[in-house]
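Undergrad: please find the sequence and the predicted model below.
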Amino acid sequence: MGADQIAAIRPAIAEVEQAPSGEEWCASFEVPNSAHWVQVVPGTLNMSYPYADDPADRLQRIGIAPNTLHLVDWQPGKYATFTYAPLPNREIAKLVDRLFVTLLGCDGDTYEVGVALERV
């Protein structure tokens with residue numbers, strides 16, 4: 001788990017969760033010079049998915065939040081979209097970090113993460 005990465009991810013998650021009523025924000029996280037990205041809006045997580053197999057099965061096999069994430073859409077080799085039950089923003093940030101490291105193969109404590117917020 002990357003403490004620096006979680007520290008960069010968490011404030012954007014908090015902003016998404018604390019959006020004023022009637023506004024929805026998306027936090028986008030990207031690893032520079034790669035095709036790896038994760039987006040979070042309240043209750044939904046969308047990410048790059050470079051594999052051909054079922055994302056829910058893969059997450060279960062590698063031990064990432066099998067009871068927390070529920071697959072709603074995916075396209076092999078492109079993306080996977082999940083819904084998630086309410087979680088503290090620190091837990092969501094830790095989950096995003098685990099996806100980058102365990103699922104997408106980023107290098108633990110050393111990967112860089114770019115953060116962007118946008119209103120949707």
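TA: All right, it came through fine.
Undergrad: when you work out contacts or count neighbours from here on, use the C-alpha atoms and nothing else.
TA: OK.
Undergrad: output stretch 34-44 as PDB, nothing but the C-alphas.
TA: Included here for stretch 34-44 are C-alpha records, laid out as PDB according to Å, rounded to 0.1, in the frame of the first residue of the first chain:
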ATOM      1  CA  SER A  34       0.500   4.300 -18.800                       C
ATOM      2  CA  ALA A  35      -3.000   3.300 -19.700                       C
ATOM      3  CA  HIS A  36      -4.000   2.900 -16.100                       C
ATOM      4  CA  TRP A  37      -6.800   5.000 -14.700                       C
ATOM      5  CA  VAL A  38      -9.600   4.900 -12.100                       C
ATOM      6  CA  GLN A  39     -12.500   7.300 -11.700                       C
ATOM      7  CA  VAL A  40     -14.700   7.700  -8.700                       C
ATOM      8  CA  VAL A  41     -18.200   9.300  -8.500                       C
ATOM      9  CA  PRO A  42     -20.400   8.700  -5.500                       C
ATOM     10  CA  GLY A  43     -21.200   5.000  -5.300                       C
ATOM     11  CA  THR A  44     -19.500   4.200  -8.600                       C
END
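Undergrad: check which residues of it are buried.
TA: Across stretch 34-44, burial judged by 16 or more other Cα atoms under 10 Å covers His36, Trp37, Val38, Gln39, Val40, Val41, Pro42, Thr44.
Undergrad: pull the distance from the longest helix seen in the chain to the chain's centre.
TA: Taking DSSP state H as the criterion, the chain has its longest helix at helix 3-17. Counting by Cα atoms, centre = their mean, to the nearest Å, helix 3-17 is centred 11 Å from the centre of its parent chain.
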